[in-house]
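Enquirer: Provided below for reference: sequence and predicted model.
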Amino acid sequence: MTVFGVDIGGSGIKGAPADLDNGRLAQERVKVLTPQPSEPAAVAAAVREVVEQFDWQGPVGLTFPGVVVDGRTLTAANVHKDWVGTDAAGLFSEALGGRPVAVVNDADAAGVAEIRFGAGRDRGGVVLLLTLGTGIGSALFVDGVLVPNTELGHLELHGKDAEKHASSAAREKHDLSWAHWAERLDDYFAMVEMLFSPQLIIIGGGVSRKADKFLPLLKPLRAEIVPAHLQNDAGIIGAAMQASRLAPVS
């Protein structure tokens, strides 16, 4: 089964058809920059630009960096505030010529892909995926079942949102060494372990490609910490998984 997925981030929008039998992209992904300002109409046009690079006619799954309930976006931490309260599913469907769309939180999408095809496959108990990128996204699972929209990047750490302190963007903004950043991650991971007692923490986002630079520097936790197997393709694959429920596809 092949379904189209689009991963919308604070800095880039990328998409491709995903092979859901094998958990990988069916074609090389296309990426465009997220419009600035990232208002809903501009982002919808950018999504259309990505999808139109492919001969795709079926449903489309889309991730969004914020809380998504019944196709409506309720928060917007790293995109324009006009997204708050927007009927995102309706907006994207209209931009894509009326085709069915599914909209899901970006970290939740990455998480369901990792649980099915990646580092969380066949793992029971409490599993937590954390995407370290423009912000920090989170996906929480209990025996493989998603608890949606956890948004743990907005837990307070040292007086501000944790993602302002420990995201990959924070590392780049403050020009932190890998060792210094690992110390910040230690603080954050210790907090989420205290709150949720996960057996497994999966590190996703683009920085997961460089896991060897920082994972060995982290203090040991009770939880096992591993990099995401699908790396930065997980969001596309997870979005496609959501869209696969909408209608029969090829």
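Expert: Looks like it came in fine.

Enquirer: rest of the way, CA atoms for contacts and neighbours
Expert: Fine.

Enquirer: per-residue pLDDT, the nearest residue to residue 230 once chain neighbours are set aside?
Expert: Distances taken as CA to CA, 6 or more residues apart in numbering place residue 118 nearest to residue 230, at 6.2 Å, with adjacent residues excluded. Reading off the confidence values, residue 118 has pLDDT 97.

Enquirer: quick one, phi psi at residue 118?
Expert: phi -120, psi -130 (degrees, to the nearest 10).

Enquirer: please name the residues that touch it.
Expert: 228-230 (CA atoms under 8 Å, 6 or more residues apart in numbering).

Enquirer: compare those residues and tell me which is most surrounded.
Expert: For the contacts of residue 118, the largest neighbour count, defined by other CA atoms under 10 Å, is 30 neighbours, found at residue 228.

Enquirer: so how far is residue 96 from that one?
Expert: Per CA to CA, to the nearest Å, residue 228 is found 31 Å from residue 96.

Enquirer: can you redo the contacts of residue 118 as CSV with distance to residue 203, secondary structure and pLDDT?
Expert: Formatted as CSV, the contacts of residue 118 follow (distance: CA to CA, whole Å; DSSP: H, G, I helix; E, B strand; the rest coil; pLDDT from 0 to 100):
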residue, distance to residue 203, secondary structure, pLDDT
228, 6, coil, 96
229, 9, coil, 96
230, 11, coil, 96
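
Enquirer: switch these over to CSV; also include distance to residue 108.
Expert: Output for the contacts of residue 118, formatted as CSV (distance: CA to CA, whole Å):
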residue, distance to residue 108
228, 13
229, 15
230, 14
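
Enquirer: go through these and say which is closest to residue 147.
Expert: In terms of CA to CA, no member of the contacts of residue 118 lies closer to residue 147 than residue 228, at 18.7 Å.

Enquirer: distance of the closest one from residue 111?
Expert: 9 Å.

Enquirer: show me what contacts the closest residue to residue 77 other than its chain neighbours?
Expert: Leaving aside its chain neighbours, residue 77 sits nearest to residue 66 (6.5 Å; criterion: CA to CA, 6+ apart). Going by CA under 8 Å, 6+ apart, residue 66 touches 73-77, 105-106, 149, 151.

Enquirer: may I ask you to name the longest helix in the chain?
Expert: helix 178-196 (DSSP state H).

Enquirer: quick check: buried residues in it?
Expert: 181-193 (16 or more other CA atoms under 10 Å).

Enquirer: can I get those in a markdown table including pLDDT and distance to residue 5?
Expert: A markdown table is the format used below for those (pLDDT from 0 to 100; distance: CA to CA, whole Å):
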| residue | pLDDT | distance to residue 5 |
| --- | --- | --- |
| 181 | 98 | 31 |
| 182 | 98 | 32 |
| 183 | 98 | 35 |
| 184 | 98 | 32 |
| 185 | 98 | 30 |
| 186 | 98 | 33 |
| 187 | 98 | 34 |
| 188 | 98 | 30 |
| 189 | 98 | 30 |
| 190 | 98 | 33 |
| 191 | 98 | 32 |
| 192 | 98 | 29 |
| 193 | 98 | 31 |
